[in-house]
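K.L.:
Return atomic coordinates for the entry below.
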Amino acid sequence: MAFFSWKTLRKDVDKSESLPAGMSRQAITLGNVMIALHETFPNLKCKHHSHKSAQITFMLKGKLRMRIGKEERIIGPGEFAYVPPDTEHSIESEDEYVLALDIFSPARPDIVRRLHELEEQPS
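P.N.:
Model prediction:
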């Protein structure tokens with residue numbers, strides 16, 4: 001299959017270890033790349049974390065305070081952020097809804113595992 005729709009993907013909205021409360025995710029793995037559409041609800045504070053995958057975040061709606069290593073900045077629609085592999089980072093939403101597209105390379109194993117768990121659950 002070469003064409004996909006976000007509507008066909010299961011939404012991860014529970015409190016699994018890979019997803020903080022106040023956030024939802026739709027994701028797909030295509031070869032060695034993962035694309036994830038993240039919704040962040042107002043007043044989310046995501047703890048500092050790192051992963052082996054490089055991450056590109058493209059802001060679609062709202063604003064996020066993003067910390068990458070020692071650098072911190074508020075990013076909004078049309079802006080990108082790059083998180084190198086194994087770099088500690090975090091996000092915070094303020095009082096608005098946020099929609100961001102994340103691209104991970106390689107695909108994050110924790111998210112792949114969670115997607116497989118969701119596939120096995122009845123709809």
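K.L.:
Please, which helix or strand holds residue 78?
P.N.:
Using DSSP states H and E, no element contains residue 78; it sits outside every helix and strand.
K.L.:
cool, residue 118 as well?
P.N.:
Judged by DSSP H and E, residue 118 forms part of helix 109-120.
K.L.:
model confidence over that helix, on average?
P.N.:
Averaging pLDDT along helix 109-120 gives 80.
K.L.:
Counting by contacts, list what that helix packs against.
P.N.:
strand 23-30, strand 33-40 (3 or more CB pairs under 8 Å, 6 or more residues apart in numbering; DSSP states H and E). No exception for glycine: its C-beta is placed from N, CA and C like everyone else's.
K.L.:
now what about the last one, what contacts it?
P.N.:
When contacts are taken as CB atoms under 8 Å, 6 or more residues apart in numbering, the neighbours of strand 33-40 outside the stretch itself are 6, 22-28, 53, 62, 64, 91, 93, 97-108, 111-112.
K.L.:
partner strands of the helix or strand hosting residue 74, parallel or antiparallel?
P.N.:
Residue 74 belongs to strand 71-75 when assigned by DSSP H and E. Note on strand 71-75: by DSSP bridges, its sheet partners are strand 64-68 (antiparallel).
K.L.:
Next, the residues that contact the partner strand from outside, please.
P.N.:
Looking at strand 64-68 with CB under 8 Å, 6+ apart, the contacting residues turn out to be 40, 48, 57, 72-76, 81-83, 87, 89-94, 98, 100.
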